[in-house]
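Asker: fold the stuff below for me.
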Amino acid sequence: MKHLICASIQFNISLGYIDANLDTATAALQRVAQQGARLAVLPEMWSCGYDYRNLTELAKETPRVLEEMQKECLKLDLVTVGSLPELEDDRIYNTAYVIDKSEIVGSYRKLHLFSTMHEDRFLSSGDHSLVIDTSIGRLGIAICYDLRFPELFRKLALAGAEIICIPAEWPKPRQEHWKTLLRARAIENQLFVIAANCCGIQGKLDFTGLSQLISPLGDVLQIAAEENIELVAKLDFSEMESYRKKIDILNDRRADVYGTP
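Answerer: Purely as a prediction, here's the structure:
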């Protein structure tokens, strides 16, 4: 596949209101599918946001949310990535699910919990990375704060990821870090990055939006402002292949000196 139309879906998450967020997400998926998108990325914890007080009850609804998304993706011929609260035993994880049409083909539990906002008090962290083959290509997955850990992204690149999908809830005060790190992760690994942030105000937090689709050369193909929006762009894989041949970063690494992630 030389070209692929992809989408980043940005919206203001209604804190704790699963059905309202599900309606927003499915309507957005329908719109991007009409524009030819085959891959769509949703924000972090998109079904409910970080409603910590009610997170256990909200996580119990995730199987229902996933079932609805599977039906929608089958109907629209879409692959989607977005994170939701996952309840297992007495633990809750921030888990990104990869849905390929009617199937959940992979899941990734957020590795790096943002202790500054006390995520580690309410959530458990994952213990593995994820690169997964789908009907539209090989995807690597990261979530929000993971963006600050380049070791993870290099591991995904070495495992053959062509696109890294990043659901996020990244706040406005650190928006310059968001923009810089997204481009850096794309450039240093010579792959596509699709980042879907939320927007709007939740409690005391103001989320920046600025969802983006970025090329392996670091070109910003699409960038959002701060409103509800769907970004759609065509990814050119021949450009990625050509650039990797021209500047062979992955093969020029000195793993004998600094190791392998």
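Asker: and the longest helix along the chain, what does it pack onto?
Answerer: Counting by DSSP state H, the longest helix found in the chain is helix 18-34. Packing contacts for helix 18-34, counted by 3 or more CB pairs under 8 Å, 6 or more residues apart in numbering; DSSP states H and E, involve strand 3-10, strand 39-41, helix 62-76, strand 229-236. In short, each C-beta sits where N, CA and C put it, glycine included.
Asker: so Ile92 versus Cys48, what's the distance?
Answerer: Taking CB to CB, to the nearest Å as the measure, Ile92 falls 11 Å from Cys48.
Asker: which neighbours do those two share?
Answerer: Residues touching both Ile92 and Cys48 comprise Leu55, Pro85, with contact defined as CB atoms under 8 Å, 6 or more residues apart in numbering.
Asker: okay, those two: which has more neighbours?
Answerer: Between Ile92 and Cys48, counting by other CB atoms under 10 Å, Cys48 is the more crowded of the two (25 against 19).
Asker: could you pull out the strands for this structure?
Answerer: 3-10, 39-41, 79-88, 91-100, 103-109, 131-134, 137-141, 163-167, 192-196, 199-202, 205-208, 212-214, 220-223, 229-236 (DSSP state E).
Asker: isn't Lys155 right up against Pro261?
Answerer: Yes - here Lys155 reaches Pro261: they are 4.0 Å apart, a contact under CB atoms under 8 Å.
Asker: looking at the helices and strands packed on helix 18-34, spot the one closest to His177.
Answerer: Proximity to His177 (CB to CB) singles out strand 3-10 among the helices and strands packed on helix 18-34, at 17.8 Å.
Asker: list the buried residues in that closest one.
Answerer: Leu4, Ile5, Cys6, Ala7, Ser8, Ile9, Gln10 (16 or more other CB atoms under 10 Å).
Asker: ok, the closest residue in space to the third one that isn't next to it in sequence - contacts?
Answerer: Nearest non-adjacent residue to Cys6, counting by CB to CB, 6 or more residues apart in numbering: Leu39, 4.4 Å away. Taking CB under 8 Å, 6+ apart as the contact definition, Leu39 lies against 4-7, 78-81, 136-137, 139, 163, 165, 194.
Asker: would you format the residues you listed as a markdown table with distance to Gly126 and pLDDT included?
Answerer: A markdown table is the format used below for the contacts of Leu39 (distance: CB to CB, whole Å; pLDDT from 0 to 100):
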| residue | distance to Gly126 | pLDDT |
| --- | --- | --- |
| Leu4 | 27 | 97 |
| Ile5 | 30 | 98 |
| Cys6 | 24 | 98 |
| Ala7 | 25 | 98 |
| Leu78 | 24 | 98 |
| Val79 | 21 | 98 |
| Thr80 | 19 | 98 |
| Val81 | 15 | 98 |
| Ile136 | 24 | 96 |
| Gly137 | 23 | 95 |
| Leu139 | 16 | 98 |
| Ile163 | 20 | 98 |
| Cys165 | 15 | 98 |
| Ile194 | 20 | 98 |
